[in-house]
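Asks: generate coordinates for the sequence data below:
(chains A and B)
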Number of protein chains: 2
Amino acid sequence: MGSHEVLTGSVSYTLETPDMDFWPIEVSIARAQNSDEDIEVVWADGCTSIYYPFWLREQCSCTDCHSETTREALIDITKIPLEIQAESITLDEQGYVNICWSDGGHKSRYHPGWLRANSYDDWAQKERVSELKTWDNSFSVLEFDGVRLLECDDHLYEWLTALDSSGLTLLKNVPTTKGSIRKIAERIGIIRQSNFGTLFDVVSKPDADSNAYLSIGLPLHMDLPSRETPPGLQFLHCIVNEAKGGASQFVDGFHLAKIIKQEAPEIFKIVTTVDYSFQNRSVDCDFRASGPLIRLDKYGNPIESRINTFIAAPIINLPHDMLKKAIAAKHYLLQTMNEPRFKVEFKMQPGDMVAFDNRRILHGRSEFYPNTGSRFLEGCYLDRDDLGSALRMLERKKRRIKSGY
Amino acid sequence: MGSHEVLTGSVSYTLETPDMDFWPIEVSIARAQNSDEDIEVVWADGCTSIYYPFWLREQCSCTDCHSETTREALIDITKIPLEIQAESITLDEQGYVNICWSDGGHKSRYHPGWLRANSYDDWAQKERVSELKTWDNSFSVLEFDGVRLLECDDHLYEWLTALDSSGLTLLKNVPTTKGSIRKIAERIGIIRQSNFGTLFDVVSKPDADSNAYLSIGLPLHMDLPSRETPPGLQFLHCIVNEAKGGASQFVDGFHLAKIIKQEAPEIFKIVTTVDYSFQNRSVDCDFRASGPLIRLDKYGNPIESRINTFIAAPIINLPHDMLKKAIAAKHYLLQTMNEPRFKVEFKMQPGDMVAFDNRRILHGRSEFYPNTGSRFLEGCYLDRDDLGSALRMLERKKRRIKSGY
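Replies: Okay, here's the model as predicted:
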């Protein structure tokens, strides 16, 4: 049966699930049995989970069905009949569910912690839903220590959880040497390169290929709406900020979405459904993409803001009437976004690093005056995928400790 | 007015448009005038373009409205009234449209080539639409020369155009040294890194973190459905292929979509709307994402296949009835995909490199036998964004030459 030894650092452990994770047994199974054409597991706390037999068969963790090395599936599910049934269901001494299947007597063994974590009954699905909290100009940005998180997984986890839930965090105490953000980024995942480099210098320069590299004020925006999927995270690390001006400004795009939905539902409908075009053109590249200014998931929750006035491309793919409505709706959204009720503003100090969800938070800066002193920020991007992976790895570690490995 | 000198390589040229591109004047303007509340341009070939004044005002190419250096917008469109009108419209000696606006007399000058290229009347929109051509098992994969495209922009353009339209191409004559694909990739853009590295070795190895690194057959699949946006392009370069077995197999996922839509519309509806889950879990990372097996754009055209049976994660976010229907629909899709009518199959030879759209083409391989000889492929990913940018840069070069710069 699927017993899989893994070495990670100094930890050697055994898995008995179809994945690489640890599932502490927090509630034991009282009984397991066939129920109509499904399989029913009744838990010691009174909850009941119903599993579709084919679904369970696909997740068999034995080494014929999932590779012992990769934990990826070897099973050819096109050969399994959809109507497969359990011929026998028993609980063993360790509290695992053992099933003998109707297709030639294949045997599977299911870990109770894994079964609980992957239960999909209404009550289980509800436990996994978390409500989105958005913020306005009264928001106090949470602060973390840019040195401590390099060493301490708990501090890292606190920071990333805050970044994931509020979309904007501030690190203090990040060494003011170039490249410091690389170490921090590597605690999460792989830096996403772009035509602006792996790390980019936000500084006034003569051969600027972005308005960010001028000294003008930058209106609230997100970066790279010209990409199909813009970077999920942006880090900006302040190394020098002696120039007059150059305050940093932030707005929660998901809060803006919530307010526009309440105050102007017709506008909301347009900015969430019409594709607006963006472009990043330089001497060396020409990126273009389009999408709604506010993207919703299928449940109507905002999952992306794509707002940027300085690299907007002309809309050329709508009928005339719709184009006028789309432009009017954008005009309304931009004017609303700039109202003081949304904006958090502060001037970054050397050693500060803002980390924010580039697809949720709009950021901007007031004009600065290079003749009054230097201003130098270093920046980089990561993807939301990497934040998710890092959070799950930290949670896996917690579960591993709880599981006693 | 917006005259912008740019240096690219040895070419110095002047732009008079709000972007970095060249717009040869292929049709001149016969007349330009107000028409109701819009602006009408009548072309020498009899076509008429109607422009919304605010749209045109936003695209003013003067150096107050677009930075001379970055060609990004400086104009604050929230300060421009939506109902802005042209007070005067004249054609100048060069055939440009000159407009004096109702908001304080701002003056704009529009390049006729740019106006034509960005016209959005029905006839102009229709000219830009190209029909998607999909393929079945009778497809002959187009071949290109892996050395010639390094030097010759025309050959590069032919290759990328074929890759963009058919989703699968074959390069011959790529030097069988490790790292050769990097040079080819860099003709397009930035290699997309993943947890498998910048370049990855497809070879049978004992500590495999993917089934690809075993010697088993790999069912038809695409890579990294566990990412929100999986890599758009995949390159696989054959360096050694002496082992028995290991033939490469390809299916056009967009053709599969077309056929399923015709033959099983109810299944098509489910696989294009239900989110299926995927995971890439190793000792070091835990990526998860979900999406429809076939993603459609808002016009109903397929834009992404997300099909992979060996890193499918259990679906845990659907009601019981819908979950059963989703699993049955996937079962049908997989069985259909494996029918011989779709599949192109050949054994790669040393020096061959397949380049395919990872989000369109399903790829697989037959089992190989490491004790009969070596098999070694080197691979990498890029994004569709980079392919788009590379194609546009090559087209820009063509337009530059046509424009006489």
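Asks: could you list the low-pLDDT ranges of the stretch 251-400 of chain A?
Replies: Of all residues in the stretch 251-400 of chain A, none has pLDDT under 70.
Asks: got the contact list for the closest residue in space to A:Phe139 that isn't next to it in sequence?
Replies: Closest residue to A:Phe139 apart from its sequence neighbours, by CB to CB, 6 or more residues apart in numbering or on different chains: A:Val344 at 5.5 Å. Backbone N, C-alpha and C define where each C-beta goes, glycine included. Each residue near A:Val344 by CB atoms under 8 Å, 6 or more residues apart in numbering or on different chains is listed here: A:135, A:137, A:139, A:141, A:168, A:249-251.
Asks: okay, now the closest residue to A:Arg384 other than its chain neighbours: neighbour count?
Replies: In space, and not counting its chain neighbours, A:Arg384 is closest to A:Gly232: 3.1 Å by CB to CB, 6+ apart. By other CB atoms under 10 Å in any protein chain shown, the residues close to A:Gly232 number 21.
Asks: and A:Gly232, what pLDDT?
Replies: On pLDDT, A:Gly232 comes in at 98.
Asks: so who does it touch?
Replies: Here A:Gly232 is in contact with A:357-359, A:381-387 (CB under 8 Å, 6+ apart).
Asks: ditto for A:Ser290
Replies: Per CB under 8 Å, 6+ apart, neighbours of A:Ser290: A:275-278, A:313, A:317.
Asks: got it, and A:Leu150?
Replies: By CB under 8 Å, 6+ apart, the neighbours of A:Leu150 are A:183-184, A:187.
Asks: and the longest helix seen in chain A, what other elements does it pack with?
Replies: Using DSSP state H to define each element, chain A has its longest helix at helix A:384-403. Applying 3 or more CB pairs under 8 Å, 6 or more residues apart in numbering or on different chains; DSSP states H and E, one finds that helix A:384-403 makes contact with helix A:153-166, strand A:233-241, strand B:286-291.
Asks: angle of that helix against strand A:233-241?
Replies: Angle of helix A:384-403 versus strand A:233-241, following axes from the mean of the first three to the mean of the last three CA atoms, to 10 degrees, is 100 degrees.
Asks: how far away from the center of its chain is helix A:384-403?
Replies: 13 Å (CA atoms, centre = their mean, to the nearest Å).
Asks: next one: stretch A:228-243
Replies: Using CA atoms, centre = their mean, the offset of stretch A:228-243 from its chain centre is 18 Å.
Asks: flag every buried residue along it.
Replies: For stretch A:228-243, a neighbour-count test (16 or more other CB atoms under 10 Å in any protein chain shown) marks A:228-239, A:241, A:243 as buried.
Asks: tabulate those (TSV), appending distance to B:Glu395.
Replies: Below are the buried residues of stretch A:228-243 laid out as TSV (distance: CB to CB, whole Å):
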residue	distance to B:Glu395
A:Glu228	19
A:Thr229	24
A:Pro230	24
A:Pro231	26
A:Gly232	30
A:Leu233	32
A:Gln234	30
A:Phe235	34
A:Leu236	34
A:His237	37
A:Cys238	40
A:Ile239	39
A:Asn241	42
A:Ala243	40
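Asks: which of the residues you listed sit farthest apart?
Replies: A:Glu228 and A:Ala243 (35.4 Å; CB to CB).
Asks: which residues are contacting the longest helix of chain A?
Replies: By CB under 8 Å, 6+ apart, helix A:384-403 touches A:11, A:13, A:20-24, A:113, A:153, A:156-157, A:160-161, A:163-164, A:187-190, A:232-233, A:357, A:359, B:195, B:227-228, B:284-289.
Asks: make a PyMOL selection of whichever of those residues turn out to be buried.
Replies: Buried residues among the contacts of helix A:384-403 (16+ other CB under 10 Å), as a PyMOL selection:
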select buried, (chain A and resi 20+21+22+23+24+113+156+157+160+163+164+188+189+190+232+233+357+359) or (chain B and resi 195+227+228+285+286+287+288+289)
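Asks: isn't A:Phe310 up against B:Leu74?
Replies: Yes: contact criterion CB atoms under 8 Å: A:Phe310 and B:Leu74 qualify, at 7.3 Å.
Asks: which of these two has more neighbours?
Replies: A count of neighbours by other CB under 10 Å puts A:Phe310 above the other of A:Phe310 and B:Leu74, at 21 against 18.
Asks: so the more buried one: helix, strand or coil?
Replies: With DSSP: H, G, I helix; E, B strand; the rest coil as the basis, A:Phe310 sits in coil.
Asks: contacts only, for the residue of chain A positioned farthest from its centre.
Replies: Distance from the centre of chain A peaks at A:Gly104, with 42.3 Å (CA atoms, centre = their mean). A:Gly104 makes contact with no residue under the criterion CB under 8 Å, 6+ apart.
Asks: for A:His106, same thing?
Replies: Neighbour list for A:His106: A:57, A:60, A:64, A:100 [criterion: CB under 8 Å, 6+ apart].
Asks: ok, A:Asp321 next?
Replies: Contacts of A:Asp321 (CB under 8 Å, 6+ apart): none.
Asks: so A:Thr48 sits against A:Asp121, correct?
Replies: Yes: under the criterion of CB under 8 Å, A:Thr48 makes contact with A:Asp121 at 7.0 Å.
Asks: looking at those two, which one has more neighbours?
Replies: With neighbours defined as other CB under 10 Å, A:Thr48 and A:Asp121 compare such that A:Asp121 has more, 17 against 14.
Asks: please determine how far that one is located from A:Tyr51.
Replies: 9 Å (CB to CB, to the nearest Å).
Asks: now A:Asp383
Replies: 33 Å.
Asks: give me the more crowded residue out of those two.
Replies: A:Tyr51 (27 against 24).
Asks: hmm, A:Glu37 and the more buried one touching each other?
Replies: No: the criterion here is CB under 8 Å, and A:Tyr51 misses it with A:Glu37 at 11.1 Å.
Asks: element containing A:Asp201, please.
Replies: strand A:200-202 (DSSP states H and E).
Asks: that strand and chain B, any residue contact?
Replies: No: judged by CB under 8 Å from any CB of the partner chain, strand A:200-202 and chain B are separated, with a smallest distance of 13.4 Å.
Asks: show me what that strand is packed up against.
Replies: Against strand A:200-202 (3+ CB pairs under 8 Å, 6+ apart) you get strand A:375-382.
Asks: now the strand it packs on, how far from the centre of its chain.
Replies: 20 Å.
Asks: which residues does it contact?
Replies: Contacts for strand A:375-382 (CB under 8 Å, 6+ apart): A:178-182, A:185, A:188-192, A:194, A:198-204, A:215, A:223-224, A:231-243, A:246, A:348, A:358, A:368.
Asks: could you check how far A:Ile316 is from chain B?
Replies: According to CB to the nearest CB, to the nearest Å, A:Ile316 and chain B sit 4 Å apart.
Asks: contacts only, for the closest residue in space to that residue that isn't next to it in sequence.
Replies: Nearest non-adjacent residue to A:Ile316, counting by CB to CB, 6+ apart: B:Tyr120, 4.1 Å away. With contact taken as CB under 8 Å, 6+ apart, B:Tyr120 is in contact with A:314-318, A:320, A:323, B:49.
Asks: ok so B:Tyr120 is a strand residue?
Replies: No: B:Tyr120 sits outside any strand when classified using three-state DSSP, being coil.
Asks: list the contacts for the closest residue to A:Val147 other than its chain neighbours?
Replies: Nearest residue to A:Val147 in three dimensions, chain neighbours excluded: A:Asn173, at 5.5 Å (CB to CB, 6+ apart). Taking CB under 8 Å, 6+ apart, we find A:Asn173 in contact with A:145-148, A:351.
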